[in-house]
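S.K.: using only what follows, build the 3D model:
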Amino acid sequence: MLGLSLPSHSDCSVVSRCKKYMPTVIREARYHIGMSAPAHYFMGQIEQESRCDEGATAFDGGMGLGQIMPETAKELHQRYPELKEYTYNPYDAKWNIRAMILYDRACYRAVDCEGWYFAFRAYNGGVGNINREIARAGSCEIERVESQCKRKVLRLKNGLLDFCKVNIEYPYKILKKAEKWAR
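M.R.: Reported below is the predicted structural model:
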(Lines give C-alpha, C1' and ligand atoms only; values in the text may rest on other atoms or scores of the structure.)
Protein backbone atom coordinates (compact mmCIF):
# COMPACT_ATOMS: atom_id res chain seq x y z
CA MET A 1 0.00 0.00 0.00
CA LEU A 2 1.00 3.59 -0.49
CA GLY A 3 0.10 4.62 3.04
CA LEU A 4 -3.09 6.30 1.91
CA SER A 5 -6.00 6.11 4.28
CA LEU A 6 -9.47 6.01 2.91
CA PRO A 7 -12.22 7.92 4.67
CA SER A 8 -14.52 5.79 6.77
CA HIS A 9 -18.11 5.25 5.73
CA SER A 10 -19.30 7.60 8.48
CA ASP A 11 -16.91 10.35 7.28
CA CYS A 12 -18.29 10.00 3.76
CA SER A 13 -21.88 10.24 4.98
CA VAL A 14 -21.05 13.38 7.01
CA VAL A 15 -19.47 15.00 3.96
CA SER A 16 -22.49 14.04 1.85
CA ARG A 17 -24.81 15.53 4.46
CA CYS A 18 -22.71 18.71 4.69
CA LYS A 19 -22.53 19.39 0.94
CA LYS A 20 -26.11 20.62 0.76
CA TYR A 21 -25.25 23.52 3.11
CA MET A 22 -22.26 24.78 1.11
CA PRO A 23 -24.19 27.21 -1.15
CA THR A 24 -25.94 28.77 1.87
CA VAL A 25 -22.69 29.04 3.83
CA ILE A 26 -20.89 30.67 0.90
CA ARG A 27 -23.72 33.15 0.28
CA GLU A 28 -24.11 34.09 3.96
CA ALA A 29 -20.36 34.39 4.56
CA ARG A 30 -19.83 36.61 1.51
CA TYR A 31 -22.83 38.77 2.28
CA HIS A 32 -22.12 39.31 5.98
CA ILE A 33 -18.30 39.22 6.00
CA GLY A 34 -17.20 40.00 2.45
CA MET A 35 -16.32 38.34 -0.81
CA SER A 36 -13.08 36.97 0.62
CA ALA A 37 -14.83 35.40 3.62
CA PRO A 38 -13.37 31.97 4.46
CA ALA A 39 -16.57 29.98 3.82
CA HIS A 40 -14.57 26.75 4.08
CA TYR A 41 -13.88 27.57 7.74
CA PHE A 42 -17.60 27.87 8.43
CA MET A 43 -18.21 24.55 6.69
CA GLY A 44 -15.54 23.05 8.96
CA GLN A 45 -17.27 24.65 11.91
CA ILE A 46 -20.70 23.17 11.21
CA GLU A 47 -19.11 19.80 10.57
CA GLN A 48 -17.27 20.06 13.90
CA GLU A 49 -20.26 21.36 15.83
CA SER A 50 -23.07 19.10 14.61
CA ARG A 51 -21.69 16.75 11.95
CA CYS A 52 -24.02 18.77 9.71
CA ASP A 53 -27.14 17.54 11.49
CA GLU A 54 -29.54 20.49 11.65
CA GLY A 55 -31.62 18.70 14.30
CA ALA A 56 -28.68 18.10 16.64
CA THR A 57 -28.93 19.07 20.32
CA ALA A 58 -25.80 18.83 22.45
CA PHE A 59 -25.63 17.66 26.07
CA ASP A 60 -25.16 21.31 27.09
CA GLY A 61 -28.17 22.55 25.09
CA GLY A 62 -26.40 23.71 21.92
CA MET A 63 -28.84 23.66 19.01
CA GLY A 64 -28.69 23.04 15.29
CA LEU A 65 -25.84 23.16 12.81
CA GLY A 66 -23.75 25.68 14.75
CA GLN A 67 -24.72 24.30 18.18
CA ILE A 68 -25.81 27.74 19.34
CA MET A 69 -26.69 27.90 23.02
CA PRO A 70 -30.33 28.79 23.81
CA GLU A 71 -29.59 32.15 25.48
CA THR A 72 -27.11 33.10 22.76
CA ALA A 73 -29.66 32.20 20.08
CA LYS A 74 -32.29 34.46 21.65
CA GLU A 75 -29.78 37.28 22.04
CA LEU A 76 -28.61 36.96 18.43
CA HIS A 77 -32.18 36.98 17.14
CA GLN A 78 -32.88 40.19 19.06
CA ARG A 79 -29.56 41.86 18.14
CA TYR A 80 -29.50 41.20 14.40
CA PRO A 81 -32.35 42.39 12.17
CA GLU A 82 -30.89 40.12 9.46
CA LEU A 83 -32.13 37.12 11.44
CA LYS A 84 -35.69 38.40 11.60
CA GLU A 85 -36.07 37.52 7.92
CA TYR A 86 -36.58 34.01 9.28
CA THR A 87 -38.87 32.80 12.02
CA TYR A 88 -36.83 32.29 15.19
CA ASN A 89 -35.85 28.63 15.00
CA PRO A 90 -32.30 27.54 15.87
CA TYR A 91 -32.99 24.19 14.18
CA ASP A 92 -33.73 25.85 10.84
CA ALA A 93 -30.56 25.48 8.77
CA LYS A 94 -30.80 28.91 7.14
CA TRP A 95 -31.44 30.69 10.45
CA ASN A 96 -28.65 28.78 12.20
CA ILE A 97 -26.04 29.29 9.47
CA ARG A 98 -26.76 33.02 9.35
CA ALA A 99 -26.70 33.29 13.16
CA MET A 100 -23.45 31.33 13.37
CA ILE A 101 -21.74 33.53 10.78
CA LEU A 102 -23.01 36.74 12.40
CA TYR A 103 -21.79 35.50 15.78
CA ASP A 104 -18.42 34.46 14.30
CA ARG A 105 -18.10 37.94 12.79
CA ALA A 106 -18.94 39.56 16.14
CA CYS A 107 -16.37 37.36 17.90
CA TYR A 108 -13.74 38.22 15.28
CA ARG A 109 -14.31 41.92 15.91
CA ALA A 110 -14.49 41.66 19.72
CA VAL A 111 -11.36 39.63 20.40
CA ASP A 112 -8.22 41.60 21.21
CA CYS A 113 -6.12 39.60 18.71
CA GLU A 114 -6.92 39.30 15.03
CA GLY A 115 -7.62 36.03 13.29
CA TRP A 116 -10.14 33.24 12.97
CA TYR A 117 -8.26 31.09 15.49
CA PHE A 118 -9.12 33.64 18.19
CA ALA A 119 -12.66 34.20 16.86
CA PHE A 120 -13.41 30.47 16.98
CA ARG A 121 -12.07 30.20 20.52
CA ALA A 122 -14.36 33.10 21.47
CA TYR A 123 -17.33 31.42 19.75
CA ASN A 124 -16.69 28.24 21.70
CA GLY A 125 -15.70 29.63 25.08
CA GLY A 126 -16.63 33.30 25.27
CA VAL A 127 -15.05 36.58 24.22
CA GLY A 128 -14.33 37.56 27.83
CA ASN A 129 -12.42 34.34 28.52
CA ILE A 130 -10.17 34.60 25.46
CA ASN A 131 -9.54 38.31 26.01
CA ARG A 132 -8.47 37.59 29.62
CA GLU A 133 -6.07 34.92 28.36
CA ILE A 134 -4.66 37.38 25.79
CA ALA A 135 -4.22 40.02 28.51
CA ARG A 136 -2.42 37.55 30.80
CA ALA A 137 -0.19 36.47 27.91
CA GLY A 138 0.56 40.08 27.00
CA SER A 139 0.77 38.86 23.42
CA CYS A 140 -1.17 37.52 20.46
CA GLU A 141 1.28 34.65 20.11
CA ILE A 142 -1.00 31.61 20.09
CA GLU A 143 1.19 29.38 22.29
CA ARG A 144 1.53 32.10 24.92
CA VAL A 145 -2.23 32.73 24.90
CA GLU A 146 -2.97 28.99 25.19
CA SER A 147 -0.61 28.73 28.16
CA GLN A 148 -2.77 31.31 29.98
CA CYS A 149 -5.99 29.30 29.78
CA LYS A 150 -7.50 28.86 33.23
CA ARG A 151 -10.95 27.31 33.03
CA LYS A 152 -12.83 24.75 35.02
CA VAL A 153 -12.54 20.99 34.82
CA LEU A 154 -15.69 18.95 35.41
CA ARG A 155 -15.72 15.39 36.66
CA LEU A 156 -18.20 13.39 34.58
CA LYS A 157 -19.25 9.73 34.78
CA ASN A 158 -16.92 8.85 31.93
CA GLY A 159 -13.95 11.06 32.87
CA LEU A 160 -12.89 14.67 33.07
CA LEU A 161 -14.09 17.55 30.91
CA ASP A 162 -11.28 20.09 30.73
CA PHE A 163 -12.69 23.32 29.29
CA CYS A 164 -9.21 24.62 28.39
CA LYS A 165 -8.41 21.48 26.39
CA VAL A 166 -11.79 21.61 24.62
CA ASN A 167 -11.51 25.32 23.83
CA ILE A 168 -7.89 25.18 22.67
CA GLU A 169 -8.54 22.18 20.40
CA TYR A 170 -11.69 23.71 18.89
CA PRO A 171 -10.16 26.01 16.22
CA TYR A 172 -7.62 23.36 15.22
CA LYS A 173 -10.43 20.87 14.60
CA ILE A 174 -12.33 23.43 12.51
CA LEU A 175 -9.26 24.32 10.45
CA LYS A 176 -8.50 20.63 9.84
CA LYS A 177 -12.06 19.91 8.72
CA ALA A 178 -12.05 23.10 6.60
CA GLU A 179 -9.20 21.78 4.46
CA LYS A 180 -11.54 19.53 2.46
CA TRP A 181 -14.01 22.42 1.95
CA ALA A 182 -11.33 24.74 0.56
CA ARG A 183 -10.98 22.54 -2.51
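S.K.: and the strands in this protein, which stretches?
M.R.: All strands of the chain, identified by DSSP state E, fall at 153-156, 159-162.
S.K.: nearest to S50, out of these?
M.R.: Judged by CB to CB, the one of the strands of the chain that comes nearest to S50 is strand 159-162, at 18.7 Å. Where you see a C-beta, it was placed from the backbone N, CA and C, and this is true even at glycine.
S.K.: wait, V145 touches C113, no?
M.R.: Yes - here V145 lies in contact with C113, judged by CB atoms under 8 Å, at a distance of 7.2 Å.
S.K.: now do the shared contacts for the two.
M.R.: Common contacts of V145 and C113 (CB atoms under 8 Å, 6 or more residues apart in numbering): I134.
S.K.: circling back: go through the strands of the chain and name the closest to C18.
M.R.: Using CB to CB, the nearest of those to C18 is strand 159-162, at 26.2 Å.
S.K.: partners of the closest one in the sheet?
M.R.: With DSSP bridges as the test, strand 159-162 is paired with strand 153-156 (antiparallel).
S.K.: which residues does the strand it pairs with contact?
M.R.: With CB under 8 Å, 6+ apart as the criterion, strand 153-156 contacts L160, L161, D162, F163, C164.
S.K.: roughly how far apart are the last one and L154?
M.R.: As defined by CB to CB, to the nearest Å, C164 lies at a distance of 12 Å from L154.
S.K.: tally of neighbours for N131?
M.R.: When counting by other CB atoms under 10 Å, one arrives at 17 neighbours for N131.
S.K.: I am finished for the moment; much appreciated.
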